[in-house]
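[1] Show me how the following folds:
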Amino acid sequence: MTEAKYTIILVRHGQSQWNRLDRFCGWEDVHLSTEGARQAEYSGRLIRESGIIPTVLHTSRLTRSCQTGNIILEQLNRQYIDIYRSWRLNERHYGALQGRFKSDVLKEVGKEKYMEWRRAYEGCPPLLEEADHDDRYRNVDRSELPRGESLKMVLERFLPYVNDVLVPLLEKDPSEIPLLSVHGSIVRALIKYWYSISDEDISGINIPNAIPLVITLDKDFKPVGAYKYLDPQSAYVEANKVAHQGFGQT
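    Below you'll find the predicted structure:
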């Protein structure tokens, strides 16, 4: 049996204020809702009870990602660990759909186009006329900033961070346990990459808010067994809700 060498914890941020309203978030800097903060606290407790304690935190440059990571560290009493923040860990850019209610987009374009934009690997929403010029991206070449992305484009944006930051840190010290407090599309992209999920099958994978999942990798950074949610039952229920966003109550 292949021996596990590296352990990584992934968690999608807690419910944001726009998640609660079923609006496309993308790169809009939406904060956690009250429920989202509670979810992040629960996420921290799950991690603590698992005994898999992170030694370093990675977040995007979006507040909901940072808030979730900070709350988790508070629950673990590990606010002192190193933190890396990168725009490459940002949520998928939803282009001109950002801020819009998902139900309105569904009614406007129909189920097929709506699901293509939301879940197809190469489905890219209508682009913004200009990329984000927020101060948090002042050190990023504007040509690299997206105006809208498919999941494929997210993976292409994210992989340099995996190869240039995450992998070298683990190779330097295999005892490190990174916690990635990120976004649904980043988690989906990483699952597709490490588990070689097909373009078709990745469309059926939905990521719940604030339920940590653990990935173990061998010395060649190949997965050892399936990824595991720390609360599988809640993950199933909440992922099903994500799958039906825009379609009303289920």
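[2] Buried residues in the longest helix along the chain, which are they?
    In the chain, taking DSSP state H as the definition, the longest helix is helix 34-50. By neighbour count on 16 or more other Cβ atoms under 10 Å, the buried set for helix 34-50 is 35-37, 39-44, 46-47. The way it works is simple: take the backbone N, C-alpha and C, and place the C-beta from them, glycine included.
[3] Now do that helix: distance to the chain's middle.
    Relative to its parent chain, helix 34-50 has a centroid offset of 16 Å by Cα atoms, centre = their mean, to the nearest Å.
[4] Contacts for that helix next, please.
    Residues from elsewhere that reach helix 34-50 (Cβ atoms under 8 Å, 6 or more residues apart in numbering): 9, 11, 13-17, 19-20, 32, 53-54, 64, 67-68, 71-76, 179, 209-212, 214, 230-231.
[5] go on, stretch 233-250?
    Stretch 233-250 is contacted by residues 22, 102-103, 105-106, 114, 118, 184, 206-209, 211, 213, 229 when judged by Cβ under 8 Å, 6+ apart.
[6] Tell me which of those residues fall in strands.
    If you go by DSSP state E, the contacts of stretch 233-250 have 213, 229 in strands.
[7] ok, back up a step: buried subset of the contacts of helix 34-50, written for ChimeraX?
    In ChimeraX syntax, the buried subset of the contacts of helix 34-50 is picked out as below (16+ other Cβ under 10 Å):
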select :9,11,13,14,15,16,17,19,32,54,64,67,68,71,72,73,75,76,179,209,210,211,212,214,230,231
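[8] mind listing which of the contacts of helix 34-50 are in strands?
    Those of these lying in strands (DSSP E): 9, 11, 179, 214.
[9] What I need now is those residues written out in CSV, including distance to residue 168 and pLDDT for each item.
    Listed next are the ones in strands among the contacts of helix 34-50 as CSV, based on distance: Cβ to Cβ, whole Å; pLDDT from 0 to 100:
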residue, distance to residue 168, pLDDT
9, 18, 99
11, 22, 99
179, 17, 99
214, 21, 98
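[10] From those residues, pick the one nearest residue 152.
    Checking these against residue 152 with Cβ to Cβ, the nearest one is residue 11 at 23.0 Å.
[11] Before we move on, what's the pLDDT of the closest residue to that closest one other than its chain neighbours?
    Sequence neighbours aside, residue 212 is the residue nearest to residue 11 in space, at 4.4 Å (criterion: Cβ to Cβ, 6 or more residues apart in numbering). Note for residue 212: predicted pLDDT of 99.
[12] from what I can see residue 212 touches residue 232, true?
    No - counting by Cβ atoms under 8 Å, residue 212 stays clear of residue 232, with 11.3 Å between them.
[13] For residue 61, which residues are in contact?
    Contacts of residue 61 (Cβ under 8 Å, 6+ apart): 85-87, 89-90, 136-137.
[14] Just the ones of the residues you listed in helices?
    Among those, no member falls in helices (DSSP H).
[15] Of those residues, which is the most crowded?
    residue 90 (28 neighbours; other Cβ atoms under 10 Å).
[16] Now do it against residue 28, distance only.
    11 Å (Cβ to Cβ, to the nearest Å).
[17] just for the chain, where's the confidence low?
    1, 131-133, 248-250 (pLDDT under 70).
[18] Need the distance between the two termini of stretch 225-237.
    23 Å (Cα to Cα, to the nearest Å).
[19] Give the buried residues for that stretch.
    227, 229-231, 234-235.
[20] Also stretch 2-11?
    Buried-residue list, stretch 2-11, by 16+ other Cβ under 10 Å: 5-11.
[21] Pretty sure residue 219 sits against residue 5.
    Yes - look at residue 219 against residue 5 with Cβ under 8 Å: they come within range, at 4.9 Å.
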